[in-house]
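[1] next comes the sequence, and after it the predicted model I'd like to discuss.
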Amino acid sequence: MTGLPVTPGQTIGPFYGYALPYDGDSQLVPPSHPQAIRLHGTVRDGNGAPVPDALLEIWQADAEGNVVRVEGSLKRDGYTFTGWGRAATDDNGSYTFTTITPGASAGGVPFIAMTVFARGLLDGLFTRVYLPDHGSDALLSSVPEGRRGTLVARRDRHGLVFDVALQGEAETVFLSYPRA
Amino acid sequence: MTQSQAEISDEIRAISETYAGGESQPRLDYPPYRSSLLRHPTNDLHHADPETIELAAPVFGQRDVDVLESDLTIQHRGEPLGERIVVTGRVVDGDGRPVAHQLVEIWQANASGRYIHQRDQHPAPIDPYFTGVGRCLTDAAGTYRFTTIKPGPYPWRNHHNAWRPAHIHFSLFGTDFTQRMITQMYFPGDPLFALDPIFQSVVDPQARERLVATYDHDLTQPEQSTGYRWDIVLTGSNRTWTEDGDPS
């Protein structure tokens, strides 16, 4: 591997709460949107305790599977789908996004890309949120069967549930992306 | 239960002495930073070939960020206390390509080492004229620039008499989603470096130095502010780039 030496990451720390969250951050679409779904879950540590100071971000295609490239995530107009959102966990370690179900992009099974930051986590983590009825997928197939389920959301009344375990028996599969 | 600085420093030293080289990122499992004990994954990260959405990044623009948000000293009706500084540099990918027109977010303590955040109970003064939050977009060359106040060090409860070196938190996006990074910028020559388990979690000494800004007198403005330069290198892009530099 060639290239410049990279700048290391560092923990988000405990005090991002007045800096990174903003009005509308977790609402990629308004809840009144006809296709709106709720994507929610709980972030837990190695003891199963909720993590109240985590920050999650999602990035996804639109309902037709298009990767959208429009500004406006920080100042939402209520009409433009930007594909990106941010949600801090609450005191119970829970987060909620309001979004739409991503469609399949060319050559791939649809998933929502997610990053996880938290106090106590020295660098950000990447994962994928697959839909419950996902088809055959190279990455999922490469994950040992016993852990595969940690990448797949389950359905509830309002949409999708995806829990994140930073550590422990149900530890989420986190990803690294070595250069192709 | 609460360890002394000497005990934490011993742990830091022991890890450093067994370091074999080849690391460029912080260790997720770094026991001297006590909060990491239950919050680091114990499985290796699973290698994924980035695809579809991961090969692109969210787009931010002037609709998202007001140009005034890059000056943290003009957000209130008066001048904040402390040493006014300019912090600037370039955001590039691992091949040196500029990350152009992309969002950079920062947050920090005030000159006394106090965050506005309610959870910060450090009894140092809050500055009514300083919030400590800024945003900007990089330009076509990948350059960001903030005007702010030099933050103070602050105490925390990792161990007895623990103090963080002064730092500014940076949140960065690349051209690929896989380049998303949050980190901290430090100031040169800080005496707290050796004592701080968060800084030392980057076990490689050269990698650690890449978190430290450089004082640059060419950025210092007469009667106005001192200047620091800090360039940021994200991981390489996995996209296919055409010769004129546009991602295909």
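    Alright, I've got the coordinates.

[2] helices and strands of chain B: which one bottoms out on pLDDT?
    Across the helices and strands of chain B, mean pLDDT, DSSP states H and E gives its lowest value to strand B:154-156, namely a mean of 94.

[3] quick one: the strands in chain A, in order.
    For chain A, the strands defined by DSSP state E occupy A:37-44, A:54-59, A:84-88, A:94-99, A:111-118, A:125-130, A:154-156, A:159-161, A:164-165, A:175-176.

[4] from the chain's centroid, how far away is the least confident helix or strand of chain B?
    17 Å (CA atoms, centre = their mean, to the nearest Å).

[5] buried residues of it, list them for me.
    The neighbour-count check on strand B:154-156 (16 or more other CB atoms under 10 Å in any protein chain shown) flags B:154, B:156 as buried. Placement of C-beta: from N, CA and C, glycine included.

[6] what pairs with that strand, parallel or antiparallel?
    Strands that pair with strand B:154-156, judged by DSSP bridges, come out as strand B:162-164 (antiparallel).

[7] for the partner strand, give the mean pLDDT please.
    Summarised as a single mean, pLDDT over strand B:162-164 is 97.

[8] swap in stretch A:65-73?
    97.

[9] output that stretch as PDB - backbone C-alpha positions only.
    Written as PDB, here are the backbone C-alpha positions of stretch A:65-73 (Å, rounded to 0.1, in the frame of the first residue of the first chain):
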ATOM      1  CA  GLY A  65     -31.500   2.800  -5.200                       C
ATOM      2  CA  ASN A  66     -30.000   6.100  -6.500                       C
ATOM      3  CA  VAL A  67     -27.000   7.500  -4.600                       C
ATOM      4  CA  VAL A  68     -28.300  11.100  -4.200                       C
ATOM      5  CA  ARG A  69     -25.800  14.000  -4.200                       C
ATOM      6  CA  VAL A  70     -27.600  17.000  -3.000                       C
ATOM      7  CA  GLU A  71     -26.800  19.400  -0.200                       C
ATOM      8  CA  GLY A  72     -29.200  20.300   2.600                       C
ATOM      9  CA  SER A  73     -28.700  17.700   5.300                       C
END
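
[10] what does it rub up against?
    A:61-62, A:80-85, A:102-106, A:110, B:52-53, B:56, B:58-64 (CB atoms under 8 Å, 6 or more residues apart in numbering or on different chains).

[11] buried only: go through those for me.
    With burial judged by 16+ other CB under 10 Å, the buried subset of the contacts of stretch A:65-73 is A:61-62, A:80-85, A:102, A:104-105, A:110, B:52-53, B:56, B:58-61, B:64.

[12] which residues are in contact with A:Ala63?
    Neighbouring residues of A:Ala63 by CB under 8 Å, 6+ apart: A:35, A:100-103.

[13] picking that back up, let's have the strands of chain A in a markdown table, adding mean pLDDT.
    Shown next, in a markdown table, are the strands of chain A (pLDDT from 0 to 100):
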| stretch | mean pLDDT |
| --- | --- |
| strand A:37-44 | 98 |
| strand A:54-59 | 98 |
| strand A:84-88 | 98 |
| strand A:94-99 | 98 |
| strand A:111-118 | 98 |
| strand A:125-130 | 98 |
| strand A:154-156 | 97 |
| strand A:159-161 | 97 |
| strand A:164-165 | 98 |
| strand A:175-176 | 97 |
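
[14] show me where chain B has helices.
    Here chain B has its helices, by DSSP state H, at B:5-17, B:197-200, B:205-209.

[15] pick the most deeply packed of the ones you listed.
    Mean neighbour count (mean count of other CB atoms under 10 Å in any protein chain shown) peaks for helix B:197-200 among those, with a mean of 24.

[16] I'd say B:Pro165 and B:Gly189 touch.
    No: assessed by CB atoms under 8 Å, B:Pro165 is found out of contact with B:Gly189, at 10.0 Å.
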